[in-house]
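Asks: kindly return the folded structure for what I paste below:
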Amino acid sequence: MFNSVSHAHLAQPTTLPDFDRPSGLPAFNSVEEAIAAYDGDDAIHVLYPQVIAAAAETFLSGFPGKVLYAVKANPHPAVLRILWSAGLRHFDVASIREIDLVQSVAPDADLFLMHPIKSRKTIAHAYAQGVRHMALDCQAELAKILDETQSADDLNLHIRLAVPSDGAAMPLAGKFGAEFNEAVDLLRTARPFAVKLGVCFHVGSQCMDTEAYARALGYVRQLADAAGVSIDSVDCGGGFPVAYPGMVPPAMGDYFATIREALAENGFADLEILGEPGRALCAEGGSTLTRVELRKGSDLYLNDGSYGSLFDAAQCSWKFPVRCVSRPTSEDQGIQAFRMFGPTCDSLDVMEGPFTLPADIDEGDWIEVQHLGAYGQALATDFNGFQSESTVAVMNRV
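Replies: Take a look at the predicted model:
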């Protein structure tokens, strides 16, 4: 299910280190060297360990609480190893496979099962594997947790709240989260069963508004007061953004400062504080190298697409940063806007862009589509027989 490192299509490198120690991947000094050493026919997934480690350091040193990596953003074992090596010790998991994966890579990791709706088998498996933090957003889920753990006396329960997500590129309101009155009842019902009782929320993916976190924390204050019960933790969720083209968020430090101030203003500064970054930890630390198979005017046909790592480029029309690796931009030829198609037989496999590349780009050229370390690589499928099984570490990013 999870892409593994394939060495079959990596020719013997000449001037490169053998492996990157944190990631365990074949390591190259540049994407150009990775392409030169490749004799396969698929796209190549790239991880930049130093970029991922730097993002981890930003959160570990700046976020006012525990940092939980949202494994769904990129579950590649190499990403988990890089984050562990960088000092991250807490992971947000949602399924049996994610639990087993993290424990296989980092046996001492502290796991938080923050998916608010889980199968009974997932709950039982998680508890058997030592997971004690679980989220829920309704009375029925609380009953499932108590049933499958035999009303254990060592549970840490987190009530997932429904909060507005107006400032997010991908709003998450509507699927998960208890509304105010239901959340009040849940807090009161869950309190006797929890060693630690907390609340959690998610302001929406790729949140561009720092004040969304302050508003959510103010809402938590109102909720706790209405419930009349003590809470032990506040989980500020994810949503921390990345600077994609056309989306320039505030500095990450501004988010941390806003959260810190809102915690103090609402009397939460002394509680256990959690955060669940996913995209912000790995997006800029990954890219895809895809080859042009054919050019038709301003259309480029690639060996990767929306059923590969370019899902968001197709379905959400995100214009990821691109550069032509094998053909530098020529002053004589200039640049041109292109549409891109993936390799499958499905006509939905199209990335409208436009993506700006050298005007003389042609068959055989390689394009690096950047900022795909989050969700892009994780969402890649093997539809139509097109999938990448090669992931490499690159030590220097252009």
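Asks: please count neighbours and contacts with C-alpha atoms only from this point.
Replies: Fine.
Asks: and the contacts of stretch 297-316?
Replies: Contact with stretch 297-316 is made by 42-43, 288, 290-295, 318-320, 336-344, 348-353, 372, 375-383, 386-388, as judged by Cα atoms under 8 Å, 6 or more residues apart in numbering.
Asks: from residue 355, how far out is residue 85?
Replies: Relative to residue 355, residue 85 is positioned 35 Å away (Cα to Cα, to the nearest Å).
Asks: ditto for residue 337
Replies: Here the criterion is Cα to Cα. By it, residue 337 lies 5 Å from residue 355.
Asks: so which of those two has more stuff around it?
Replies: Neighbours were tallied for residue 337 and for residue 355 using other Cα atoms under 10 Å; the higher tally belongs to residue 355 (17 against 13).
Asks: the more buried one: which element?
Replies: Following DSSP states H and E, the helix or strand that holds residue 355 is strand 350-358.
Asks: partner strands of that strand, with direction?
Replies: Strand 350-358 pairs in its sheet with strand 335-341 (antiparallel), by DSSP bridges.
Asks: any idea how far the strand it pairs with is from the chain center?
Replies: 27 Å (Cα atoms, centre = their mean, to the nearest Å).
Asks: also stretch 385-395?
Replies: 18 Å.
Asks: end-to-end on it?
Replies: Across its full length, stretch 385-395 reaches 30 Å end to end, with Cα to Cα as the criterion.
Asks: could you find the closest non-adjacent residue to residue 221?
Replies: Leaving aside its sequence neighbours, residue 221 sits nearest to residue 266 (Cα to Cα, 6 or more residues apart in numbering; 6.0 Å).
Asks: show me the contacts for that neighbour.
Replies: Contacts of residue 266 were listed using Cα under 8 Å, 6+ apart, and they are 217-218, 221.
Asks: and the contacts of stretch 297-316, which of them are in helices?
Replies: Within those, residues falling in helices by DSSP state H are 376-379.
Asks: sorry, back to before: any of the contacts of residue 266 buried? List them.
Replies: The neighbour count (16 or more other Cα atoms under 10 Å) marks 217-218, 221 as buried among these.
Asks: turn those residues into CSV, columns for distance to residue 175, secondary structure and pLDDT.
Replies: Output for the buried ones among the contacts of residue 266, formatted as CSV (distance: Cα to Cα, whole Å; DSSP: H, G, I helix; E, B strand; the rest coil; pLDDT from 0 to 100):
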residue, distance to residue 175, secondary structure, pLDDT
217, 20, helix, 96
218, 22, helix, 96
221, 23, helix, 96
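Asks: what would those look like in CSV with distance to residue 273?
Replies: Below are these laid out as CSV (distance: Cα to Cα, whole Å):
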residue, distance to residue 273
217, 11
218, 15
221, 14
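Asks: could you pull out the helices for the chain?
Replies: Listed in chain order (using DSSP H), the helices of the chain are 31-36, 49-62, 77-85, 96-105, 120-128, 139-148, 180-190, 211-227, 252-265, 279-282, 311-315, 376-379.
Asks: having no further points to raise, I will conclude here.
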